[in-house]
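> Requesting a structural model of the entry that follows:
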Amino acid sequence: MLTPVLREALAEALKVNGWSADEGVPLEVPRQTDHGDYATNLALVLAKKVGRPPRAIAEALVAALPREGGLIEATSIAGPGFVNFRFSMNALRGELLEIVERAEQYGTWPALGTKPVLVEFVSANPTGPMNVVNARAGAVGAALVRLYRAAGIGADAEFYVNDAGRQVDLLGASVAARFRERIGQASDFPEEGYQGAYIADLAAAVPEAEGKKALESGDARWFRSFALERMLAGQQKDLAAYGVTFDTWYRESTLHDAGALATTLADLKATGHVFELDGATWFRSTAFGDEKDRVLVRQNGEPSYYLADIAYHRDKAARGYGKALDLWGPDHHGHILRVAAALEALGLPKDFFTVTIVQFVRLLSKGELVKMSKRAGEFITLNDLLEDVGVDAAKYFFLMRSTSAHLDFDLDLAREQSNDNPCYYVQYAHARIASLIRVAAEKGLVPPAEAAARAAAAQRLVEPEERELLRLLAQYPDTVKGAAEAQEPQRVTTFLAQVGGAFHQFYHQHRVVTEDADLSAARLLLARGAQQVIANGLALLGVSAPERM
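Numbering: from 1, shown residues only. The predicted structure follows:
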């Protein structure tokens with residue numbers, strides 16, 4: 001990877017000048033490619049500390065850069081003191097050799113040795129099938145786990161099963177009511193019950209003898225348990241079909257059974273931030289910046305969801321995780337500060353608990369909004385979406401935009417088998433390279449297999465379109481690391497679109513299979529490198545890399 005070597009060169013230049021960068025050496029890709037391959041604002045960062053003008057610092061850094069190794073072809077100083085770097089063609093060719101050599105491992109970083117991150121996402125109440133809102137969170141969460149791991153950060157995926165609350169009670173009561181109707185008994189449907197056709201399906205699956213026995217004995221928990229387990233199994237099946245799996249399905253009831261809520265309440269009381277008022281127990285979250293204090297135990301003696309959430313996140317730390325990253329919907333935004341406040345009161349580091357808000361999705365078809373309503377039973381399920389546009393397009397579209405932005409999901413575009421479809425465009429680049437390599441093989445031309453032959457072949461890559469493709473491919477490792485650190489998987493989709501565009505441009509400008517066997521070998525090597533990077537990036541997104549389309 002080129003950027004670690006560039007950072008080492010800049011660190012050496014700092015040392016020569018007797019300076020140091022406490023926050024490391026910042027590098028970024030310039031917005032305009034003619035400015036260079038990478039740039040640093042290090043001179044501006046150091047100006048106050050060093051006591052010299054940024055441009056003077058920049059000039060001193062450039063003068064002290066090591067010249068051996070042939071990494072940098074040219075440097076320039078822009079604006080108030082930005083330093084731009086242009087890699088040599090030999091450095092870019094060397095990166096291509098690394099791509100082909102490391103194959104699926106290219107773009108992964110060494111393990112940092114830090115405590116792992118627990119990414120909790122989807123965590124939908126087990127009261128209905130997975131819908132498109134869950135689908136967006138599923139795509140983002142699974143991609144973040146893969147990105148963390150690729151960036152050298154241990155990460156696990158967790159689904160929190162809310163199996164201890166009133167919503168599951170309503171689910172059981174709804175199924176019991178539909179079962180009564182099924183066997184011809186009068187039934188009052190719960191006022192806030194679930195109306196969807198899936199409730200009737202659950203009732204139809206109830207073994208008649210067991211259902212009647214539960215009704216006769218007044219065992220509401222039997223219907224609750226039956227409906228819960230059926231819904232959980234369905235959710236797991238739907239998510240697995242979507243390619244989203246979890247290391248742990250953690251049940252809220254586990255916390256209750258283990259006495260974790262009582263322990264957490266006692267420890268919160270010991271902090272001095274708990275008080276009694278109007279028959280309820282409260283946490284003084286206003287002491288930590290919240291707009292009002294929050295109830296821990298209701299007047300009826302039942303613990304609040306808030307107390308359960310505190311106990312749950314505390315348990316994450318007890319299990320050895322160094323950071324808890326939750327993906328929540330925008331309707332939970334107000335809950336962030338109050339949970340963070342309680343965890344801080346309990347002594348957990350401020351940066352332990354973070355939340356990424358996954359904004360709502362609007363499905364559009366023929367320019368019209370497709371309406372969804374879970375309680376009325378009129379909603380688009382995850383399965384509906386996958387049957388309509390497919391797993392790959394669904395994930396790719398969900399991952400193209402920042403999670404903090406509302407997403408308009410164009411169903412018509414996602415269905416298209418054309419380059420207008422962003423997912424198809426990238427996948428087609430991969431498939432086109434696979435086809436190209438097959439055609440070349442039929443003519444006895446293959447990418448060089450031996451390291452020495454690869455190195456020799458790469459020297460034939462000299463054209464501007466070849467350099468542009470090499471330049472982009474070399475950015476892949478930093479794209480992975482940056483996407484993980486910023487929790488922005490959309491950086492990968494943006495990068496892949498750029499690589500696809502650069503490959504198509506190269507392909508249209510230059511014949512790959514030519515009468516010149518050595519030149520053909522060089523361009524097949526470049527095509528193979530592009531194919532590998534595209535495949536690796538798609539794998540991080542959980543999207544397939546087809547050989548044929």
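> in this structure, what secondary structure element scores lowest on mean pLDDT?
Least confident helix or strand, the chain: strand 368-370 with a mean of 84, by mean pLDDT, DSSP states H and E.
> Show me what it is packed up against.
Packing contacts for strand 368-370, counted by 3 or more C-beta pairs under 8 Å, 6 or more residues apart in numbering; DSSP states H and E, involve strand 361-365. Every residue, glycine included, has its C-beta placed from N, CA and C.
> Buried residues of the strand it packs on, list them for me.
361, 363 (16 or more other C-beta atoms under 10 Å).
> That strand: partners in the sheet, and parallel or antiparallel?
In the sheet containing strand 361-365, its partner strands are strand 368-370 (antiparallel), strand 407-410 (parallel), by DSSP bridges.
> Low-confidence stretches in the stretch 101-250 of the chain?
Across the stretch 101-250 of the chain, not a single residue meets the criterion (pLDDT under 70).
> In the chain, where's the longest helix?
As assigned by DSSP state H, the longest helix anywhere in the chain is helix 517-541.
> How far away from the center of its chain is that helix?
Centre-to-centre, helix 517-541 and its host chain are 25 Å apart (C-alpha atoms, centre = their mean, to the nearest Å).
> What about the residue nearest to residue 165 when sequence neighbours are not counted, how many residues nearby?
Leaving aside its sequence neighbours, residue 165 sits nearest to residue 305 (C-beta to C-beta, 6 or more residues apart in numbering; 6.8 Å). The local packing of residue 305 (other C-beta atoms under 10 Å) involves 14 other residues.
> Go ahead and confirm residue 305 touches residue 166.
No: under the criterion of C-beta atoms under 8 Å, residue 305 lies out of contact with residue 166, with a separation of 9.6 Å.
> what's the next secondary structure element after the least confident helix or strand of the chain?
helix 382-389 (DSSP states H and E).
> and the helix or strand following that following helix, what's its mean pLDDT?
Downstream of helix 382-389, the first helix or strand assigned by DSSP H and E is helix 391-398. The average pLDDT within helix 391-398 is 96.
> for the longest helix of the chain, which positions count as buried?
In helix 517-541, counting by 16+ other C-beta under 10 Å, buried: 519-538, 540-541.
> Stretch 76-86 too?
Within stretch 76-86, the residues scored as buried using 16+ other C-beta under 10 Å are 77, 81-86.
> what about it, start to end distance?
9 Å (C-alpha to C-alpha, to the nearest Å).
> Now do the least confident helix or strand of the chain: everything it contacts.
362-364, 380, 411 (C-beta atoms under 8 Å, 6 or more residues apart in numbering).
> Of the residues you listed, which pair is most distant in space?
364 and 380 (11.7 Å; C-beta to C-beta).
> Apart from its neighbours in sequence, what residue is nearest the most centrally placed residue in the chain?
Among the residues of the chain, the one closest to the centroid is residue 144, at 2.8 Å (C-alpha atoms, centre = their mean). With C-beta to C-beta, 6+ apart as the criterion, residue 144 has its nearest non-adjacent residue at 5.5 Å, and that residue is residue 119.
> doesn't residue 143 make contact with that neighbour?
No: checked against C-beta under 8 Å, the pair residue 119 and residue 143 is beyond contact range at 9.9 Å.
> For the stretch 51-200 of the chain, which segments are assigned as strands?
Assigned by DSSP state E, counting those that start in this stretch, the strands in the stretch 51-200 of the chain fall at 72-78, 82-87, 117-120, 155-161.
> could those go into JSON lines alongside distance to residue 241?
Putting the strands of the stretch 51-200 of the chain into JSON lines (distance: least, C-beta to C-beta, whole Å) gives the following:
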{"stretch": "strand 72-78", "distance to residue 241": "49"}
{"stretch": "strand 82-87", "distance to residue 241": "43"}
{"stretch": "strand 117-120", "distance to residue 241": "20"}
{"stretch": "strand 155-161", "distance to residue 241": "15"}
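> Please name whichever of these is nearest to residue 263.
strand 155-161 (18.6 Å).
> chain center to the closest one, what's the gap?
13 Å.
> Parallel or antiparallel, which strands does that strand pair with?
With DSSP bridges as the test, strand 155-161 pairs up with strand 117-120 (parallel), strand 248-251 (parallel).
> Just name the most buried of those strands.
Highest mean neighbour count of the strands paired with strand 155-161: strand 117-120, a mean of 24 (counted as mean count of other C-beta atoms under 10 Å).
> Name the residues that touch it?
With contacts defined as C-beta under 8 Å, 6+ apart, strand 117-120 is touched by 141, 144-145, 148, 153-160, 316, 319, 321-327.
> Mark which of those residues are buried, thanks.
By 16+ other C-beta under 10 Å, the contacts of strand 117-120 give 141, 144-145, 148, 153-160, 316, 321-327 as buried.
> In helices, which of those fall?
Within those, residues falling in helices by DSSP H are 141, 144-145, 148, 316.
> Just give me the closest of the residues you listed to residue 217.
residue 316 (38.7 Å).
> For that closest one, which non-adjacent residue is closest in space?
residue 324 (4.6 Å).
> Quick check: pLDDT value at that neighbour.
With respect to pLDDT, residue 324 scores 97.
> what does the one 10 residues further on give?
Looking at residue 334, its pLDDT is 84.
> quick check: domain ranges of this structure?
Following automatic domain parsing, one finds the domains of the chain at 2-87, 121-255+359-415, 422-541.
> end-to-end on the first one?
Counting by C-alpha to C-alpha, you get 9 Å between the two ends of domain 2-87.
> Tell me if I'm right that residue 518 and residue 457 touch.
Yes: counting by C-beta under 8 Å, residue 457 is a contact partner of residue 518 at 6.6 Å.
> can you pull out the helices in the stretch 201-350 of the chain?
Taking DSSP state H, counting those that start in this stretch as the test, the helices found in the stretch 201-350 of the chain are 208-217, 220-241, 252-257, 260-270, 305-318, 335-345.
> can you check the stretch 401-549 of the chain too?
Counting by DSSP H, counting those that start in this stretch, the stretch 401-549 of the chain has helices at residues 411-415, 422-442, 451-458, 464-473, 476-486, 490-509, 517-541.
> got the buried residues for the fourth one?
It refers to helix 464-473. 465-473.
> swap in the third one?
By 16+ other C-beta under 10 Å, the buried positions in helix 451-458 come out as 454-455, 457-458.
> Residue 85 versus residue 3, what's the distance?
10 Å (C-beta to C-beta, to the nearest Å).
> Quick check: mean pLDDT of stretch 301-313?
95.
> Give me the buried stretch members for that stretch, please.
For stretch 301-313, a neighbour-count test (16+ other C-beta under 10 Å) marks 303-304, 306-313 as buried.
> now stretch 388-397
So, applying 16+ other C-beta under 10 Å, buried residues of stretch 388-397: 389, 391-397.
> quick one: which of these is nearest to residue 42?
Nearest member of the buried residues of stretch 388-397 to residue 42, counting by C-beta to C-beta, is residue 396, at 35.9 Å.
> The residue nearest to residue 316 contacts residue 315, doesn't it?
No: with contact defined as C-beta under 8 Å, residue 324 does not count as touching residue 315 (9.7 Å).
> Pull the most distant pair out of the buried residues of stretch 76-86.
Across the buried residues of stretch 76-86 (C-beta to C-beta), the longest gap, 17.7 Å, separates 81 and 86.
> how about the buried residues of stretch 301-313 in JSON lines, adding distance to residue 21?
Output for the buried residues of stretch 301-313, formatted as JSON lines (distance: C-beta to C-beta, whole Å):
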{"residue": "303", "distance to residue 21": "49"}
{"residue": "304", "distance to residue 21": "47"}
{"residue": "306", "distance to residue 21": "43"}
{"residue": "307", "distance to residue 21": "45"}
{"residue": "308", "distance to residue 21": "45"}
{"residue": "309", "distance to residue 21": "40"}
{"residue": "310", "distance to residue 21": "39"}
{"residue": "311", "distance to residue 21": "42"}
{"residue": "312", "distance to residue 21": "40"}
{"residue": "313", "distance to residue 21": "35"}
